[in-house]
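>>> quick one, fold the following:
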Amino acid sequence: MSKIGVWFKGLSRGGQIAVVSVATILGLGTVGSMAQPASPQTNNSANSNAVEEVKKPVVETKTITETEVVPFGSQTVESASAANGTSTVTTAGVNGVKTHTYTVTLTDGKEVKRDLVKSEVTTAPVDQVTTIGTYVAPPPVQKASCDSNYTGACVPIDSDVDCGGGSGNGPSYVYGTVRVVGSDIYDLDRDGNGYGCE
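Below is the predicted model:
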């Protein structure tokens, strides 16, 4: 007889009947606590390899500069030594240069962000200068009309005429010998010989 049968017999002789599961007798625990079959494991290593194969973006930064033209200005000045109404460019205008410095962020070689670091005029422009003339020449001095009473040298027509270099006080003077051909209205021929300022 098996050990299980003997054990049941012994229990019946004592007047008590115990119902014991076979699983308990065999030391396997209760039926409900029996080990469940292990679930199949997922292949985590394969998934991790797939993630590692995804290419990470390449991010880099660099500094660049760009230039901008600064147009020159213009101004006008007057000159009293240049003829009135003339206009001459005395200083040629020159454009300047403005430089901008940026920090640029690139992802996989494509620009995604740009920050201005500084902006400065690296070459100053030169204004163009135009000179306008304002000089007006005075009218030529008109030669005084000569008195027709004298020839040889021009005797001005005035309130009084004296011989130049003499003691007379003018206001006008005659220089050189003159011949009286009419009336000696300025009394230039003192000795009456027909010639004055000899």
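>>> direction included, what does the strand of greatest length in the chain pair against?
Assignment by DSSP state E gives strand 110-123 as the longest strand of the chain. According to DSSP bridges, strand 110-123 forms sheet pairs with strand 96-107 (antiparallel).
>>> picking up where we left off before, where does the longest strand of the chain sit relative to the chain's centre, distance-wise?
How far strand 110-123 lies from its chain's middle: 13 Å, per C-alpha atoms, centre = their mean, to the nearest Å.
>>> please work out the average pLDDT along that strand.
What strand 110-123 shows for mean pLDDT is 96.
>>> do stretch 67-82 as well
Computed over stretch 67-82, the average pLDDT equals 96.
>>> which pLDDT value belongs to the closest residue to T86 other than its chain neighbours?
What sits nearest to T86 in space, not counting adjacent residues and going by C-beta to C-beta, 6 or more residues apart in numbering, is G133, at 3.9 Å. Yep, even glycine has a C-beta here, placed from its N, CA and C like the rest. We have a pLDDT of 95 for G133.
>>> packing partners for the host helix or strand of G133?
Here G133 sits within strand 128-135, counting by DSSP states H and E. Here strand 128-135 touches strand 74-83, strand 87-91, going by 3 or more C-beta pairs under 8 Å, 6 or more residues apart in numbering; DSSP states H and E.
>>> among those strands, which comes closest to S119?
When the helices and strands packed on strand 128-135 are compared by C-beta to C-beta, strand 74-83 sits nearest S119, at 24.4 Å.
>>> mind listing what's buried in the closest one?
Within strand 74-83, the residues scored as buried using 16 or more other C-beta atoms under 10 Å are A82.
>>> kindly report the same for stretch 101-119.
Residues Y102, L106 are the ones in stretch 101-119 that count as buried (16+ other C-beta under 10 Å).
>>> can I get that stretch as PDB, trimmed to CA atoms?
The C-alpha coordinates for stretch 101-119 follow below in PDB (Å, rounded to 0.1, in the frame of the first residue of the first chain):
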ATOM      1  CA  THR A 101      28.300  90.200 -35.900                       C
ATOM      2  CA  TYR A 102      26.000  87.300 -35.300                       C
ATOM      3  CA  THR A 103      26.000  84.000 -33.400                       C
ATOM      4  CA  VAL A 104      24.300  81.400 -35.600                       C
ATOM      5  CA  THR A 105      23.000  78.000 -34.400                       C
ATOM      6  CA  LEU A 106      22.800  75.200 -37.000                       C
ATOM      7  CA  THR A 107      21.100  71.800 -36.800                       C
ATOM      8  CA  ASP A 108      22.300  69.300 -39.300                       C
ATOM      9  CA  GLY A 109      23.900  72.100 -41.200                       C
ATOM     10  CA  LYS A 110      20.700  74.200 -41.400                       C
ATOM     11  CA  GLU A 111      20.400  77.600 -39.700                       C
ATOM     12  CA  VAL A 112      17.700  77.500 -37.000                       C
ATOM     13  CA  LYS A 113      18.600  80.600 -35.000                       C
ATOM     14  CA  ARG A 114      20.500  83.800 -35.300                       C
ATOM     15  CA  ASP A 115      21.400  86.300 -32.500                       C
ATOM     16  CA  LEU A 116      22.900  89.800 -33.100                       C
ATOM     17  CA  VAL A 117      26.000  90.200 -31.000                       C
ATOM     18  CA  LYS A 118      27.100  93.700 -32.000                       C
ATOM     19  CA  SER A 119      26.700  96.200 -34.800                       C
END
